[in-house]
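Visitor: Coordinates for the following, if possible.
(one chain, ligands or ions: 2)
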Amino acid sequence: MVEEQNGITSLDADREVCVEVDDLWKLFGAQAQRIVEDPELRMASKEEILQKTGCVVGLRNVSFEVRRGEFFVLMGLSGSGKSTLIRCIIRLAEPTIGRIIINGEDILAYDESRLSHLRRHTTGMVFQHFGLLPHRSVLDNAAYGLKVRGFPVEERYERARVFIEKVGLKGWEHHLPAALSGGMQQRVGIARALTGDPEILLLDEPFSGLDPLIRRQMQDDLMELQAELKKTLLFVTHDLHEALKVGDRIAIMRDGEIIQIGSPEEVITSPSDSYVRQFVQDASPTRVLTARTVMEQPPVLLYSWQGPKAALQILRDANVDSAFVVARRGRLLGMVTVEGLVRLIRSKGTFLKDALDADLTTCSADAVVEDLVPLVAASRYPVAVVDEEEHFLGEVYVSTIIASMIREQGEEEEAAPVESDGETGVSGEPRVYDEEPSSDEGTKEGAQQ
Ligand SMILES: Nc1ncnc2c1ncn2[C@@H]1O[C@H](COP(=O)(O)OP(=O)(O)OP(=O)(O)O)[C@@H](O)[C@H]1O
Ligand SMILES: [Mg+2]
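Guide: Ligands and ions are numbered 1, 2, ... in the order given. Alright, predicted model coming up:
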């Protein structure tokens, strides 16, 4: 099976690391250096450090890696250090100590000219408040980075037009930003960042100022753009649903520290502490849990080379009236029922494939439970979970889906009267996620027997 750690599967692990941050600290104040060199102060809380030294902890002991092509989300309450971190990564804020490696190079060792090269060629930044030049057209704004880099006017306009079209603003090239809605202005901000063809895009709450409908559309479009352009994204938000929707992995920050990194599913199902739990308690598991998590192994799996009489006996022994049939290497062929087998035996048939029921519903392991509801509701049999090569991975029952929905409702009711612990605003009691249905452990084994 695919091993997971911090939300990185072993498949992802093959992808090159493109941003590596190591024990990064950022303190604001005159005594910053003294604090990071003092072992006792390093351990002190943010409040203590402020009281004793007058310094504000922006970041402490932050370490993580982002892989090429990853959509990496930084999430946390206001003041938790998200902007400081994203700014430190391209040294718009100078880290106090630590290491930042981009494409294998320690960028803290960079002089001004290499730093400016990095910002112009390797990274692009999108800000919450767009940061557009108000007296320049959409086209000029989008082409601005190329102008700074000395591109001739035709070439920069040509490239800017490509990205203006990609962000859906074709026809608006000659308007001023003020003529555009907030969402459209942020599209210009994204086009401007992309026109320079950066490998890494840093986005600091890019959609926070937009109303929910526009915001959702912008999220969809950004995800589509990323799939097409294969950029590496570091995306800041304080909106959990946004993070869960767009992120391959999410890092949750508190008081300048990263307290959990994981896939959306990991963060939802195993929050590392009450602070993370506070964040995820409003999330709807059916929108996050996938078929991989809720699927089960069937009591019986039939193999294409088995005869109908043997198959019928196996179903009867297991007291079930249908089963999936797989070929060699676990490729799913279909489903047979007791009735179908009896008919086949009566007509003297010998091949299971002649009794396959065509009425079979399948889904991918990444399908979210919410999208499975109409599938299981319309299917007479459990829905088969398959991989890209149609290998059978497990099955999803109506009852499993209903259980996860009931659990969700139960949690909503339960969440209401919970008393705050004052500090984090949540109860210290763990939530009910520990009753998760079985993981995909052994799944592939089952399919490969
Ligand atoms: N220039 C500065 N001088 C002093 N303190 C700062 C400075 N910039 C940030 N801080 C402090 O660093 C901490 C982290 O701030 P930061 O802006 O990174 O938080 P954030 O997570 O981006 O919050 P928000 O969601 O409100 O944008 C806060 O306590 C903040 O007060
Ligand atoms: Mg911020």
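
Visitor: In the stretch 151-300 of the chain, which residue sits closest to ligand 1?
Guide: His238 (5.2 Å; Cβ to the nearest ligand atom). Where C-beta positions appear, they are placed from N, C-alpha and C, glycine not excepted.

Visitor: does that residue really touch Ser78, like I thought?
Guide: Yes - with contact defined as Cβ atoms under 8 Å, His238 counts as touching Ser78 (6.7 Å).

Visitor: who has more neighbours, these two?
Guide: In this view His238 and Ser78 are compared by other Cβ atoms under 10 Å, and His238 has more residues nearby, 17 against 7.

Visitor: mind listing what Glu16 touches?
Guide: By Cβ atoms under 8 Å, 6 or more residues apart in numbering, the residues touching Glu16 are Arg67, Arg68.

Visitor: Need phi/psi at it.
Guide: phi -70, psi 140 (degrees, to the nearest 10).

Visitor: how close does it get to Ile102?
Guide: Noted for Glu16: a distance of 12 Å to Ile102, by Cβ to Cβ, to the nearest Å.

Visitor: cool, Gly171 as well?
Guide: Between Gly171 and Ile102 the distance is 36 Å, computed by Cβ to Cβ.

Visitor: Let me see the contact set for the residue lying closest to Asp354 once chain neighbours are set aside.
Guide: In space, Asp354 comes closest to Leu344 once its chain neighbours are excluded; the distance is 5.8 Å by Cβ to Cβ, 6 or more residues apart in numbering. For Leu344, the contacting residues are Pro308, Leu352, Asp354, Ala355, by Cβ under 8 Å, 6+ apart.

Visitor: which SS state does Leu344 fall under?
Guide: Under DSSP: H, G, I helix; E, B strand; the rest coil, the three-state class of Leu344 is helix.

Visitor: Confirm Gln128 sits in a strand?
Guide: No - using three-state DSSP, the secondary structure at Gln128 is coil, not a strand.

Visitor: residues near it, how many?
Guide: By other Cβ under 10 Å, 17 other residues sit near Gln128.

Visitor: Can you report phi and psi for it?
Guide: Dihedral pair for Gln128: phi -60, psi -40, per degrees, to the nearest 10.

Visitor: Gly189 is in contact with that one, correct?
Guide: No - contact between Gln128 and Gly189 fails when scored by Cβ under 8 Å: they sit 9.3 Å apart.

Visitor: residues bridging contact with those two, i.e. touching both?
Guide: Taking Cβ under 8 Å, 6+ apart as the contact rule, Gln128 and Gly189 both touch Pro206.

Visitor: Return the distance of Arg249 relative to Ser263.
Guide: The value you get for Arg249 to Ser263, if Cβ to Cβ is used, is 6 Å.

Visitor: next one: Asp248
Guide: 7 Å.

Visitor: List, one by one, the residues from the stretch 1-150 of the chain near ligand 1.
Guide: Within the stretch 1-150 of the chain, the positions near ligand 1 by Cβ under 6 Å from any ligand atom are Phe28, Val56, Gly58, Gly76, Ser78, Gly79, Ser80, Gly81, Lys82, Ser83, Thr84.

Visitor: Which residue ranges of the stretch 1-150 of the chain form strands?
Guide: Listed in chain order, the strands of the stretch 1-150 of the chain (DSSP state E, counting those that start in this stretch) span residues 4-5, 8-9, 17-28, 56-67, 71-76, 97-102, 105-106, 123-126.

Visitor: Strand partners (parallel or antiparallel) of the fifth one?
Guide: Each strand paired with strand 71-76, and its direction, by DSSP bridges: strand 232-237 (parallel), strand 249-254 (parallel).

Visitor: list the contacts for the residue nearest to Glu257 when sequence neighbours are not counted?
Guide: Distances taken as Cβ to Cβ, 6+ apart place Arg60 nearest to Glu257, at 5.3 Å, with adjacent residues excluded. By Cβ under 8 Å, 6+ apart, Arg60 lies in contact with Trp25, Arg42, Lys46, Asp255, Gly256, Glu257.

Visitor: helix/strand/coil for Met335?
Guide: Going by three-state DSSP: Met335 is strand.

Visitor: Quick one: residues contacting it.
Guide: Counting by Cβ under 8 Å, 6+ apart, Met335 touches Ser322, Ala323, Phe324, Val325, Leu356, Asp357, Asp359, Leu360, Tyr381, Ala384.

Visitor: give me the element Val162 is part of.
Guide: Following DSSP states H and E, one finds Val162 within helix 153-166.

Visitor: Distance check, the residue nearest to Glu257 against Val267.
Guide: Counting by Cβ to Cβ, the gap from Arg60 to Val267 is 21 Å.

Visitor: Touching, Leu341 and Leu312? I think so.
Guide: Yes - counting by Cβ under 8 Å, Leu312 is a contact partner of Leu341 at 4.5 Å.

Visitor: Mind checking which of those two has more residues around it?
Guide: Leu341 (27 against 20).

Visitor: element containing the more buried one, please.
Guide: Here Leu341, judged by DSSP H and E, is contained in helix 338-346.

Visitor: in its sheet, what does the helix or strand following that helix sit against?
Guide: For helix 338-346, the following helix or strand on the C-terminal side (DSSP H and E) is strand 362-364. Next to strand 362-364 in the sheet, as set by DSSP bridges, lie strand 383-386 (parallel).

Visitor: how far does stretch 237-255 sit from the chain's center?
Guide: Stretch 237-255 sits 8 Å away from the centroid of its parent chain (Cα atoms, centre = their mean, to the nearest Å).

Visitor: now stretch 313-321
Guide: Stretch 313-321 has its C-alpha centroid displaced from the chain centroid by 41 Å (Cα atoms, centre = their mean).

Visitor: and it, C-alpha only, in CSV?
Guide: This file holds the C-alpha atoms of stretch 313-321, laid out as CSV (Å, rounded to 0.1, in the frame of the first residue of the first chain):
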residue,chain,number,x,y,z
GLN,A,313,-21.1,-22.4,-3.0
ILE,A,314,-18.8,-19.5,-1.9
LEU,A,315,-21.7,-17.0,-1.9
ARG,A,316,-24.0,-19.4,0.0
ASP,A,317,-21.3,-20.2,2.6
ALA,A,318,-20.7,-16.5,3.1
ASN,A,319,-24.5,-15.9,3.2
VAL,A,320,-24.4,-13.1,0.6
ASP,A,321,-26.4,-12.8,-2.6
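
Visitor: Can you give me the buried ones in that stretch?
Guide: Buried positions in stretch 313-321, judged by neighbour count with 16 or more other Cβ atoms under 10 Å: Ile314, Leu315.

Visitor: got the contact list for it?
Guide: Against stretch 313-321 from outside (Cβ under 8 Å, 6+ apart): Pro299, Val300, Leu302, Gln306, Ser322, Ala323, Thr337, Val338, Glu339, Leu341.

Visitor: One more: stretch 108-119?
Guide: Contacts of stretch 108-119 with the rest of the structure, by Cβ under 8 Å, 6+ apart, involve Ile90, Arg91, Pro95, Gly98, Arg99, Ile100, Ile102, Ile107, Met125.
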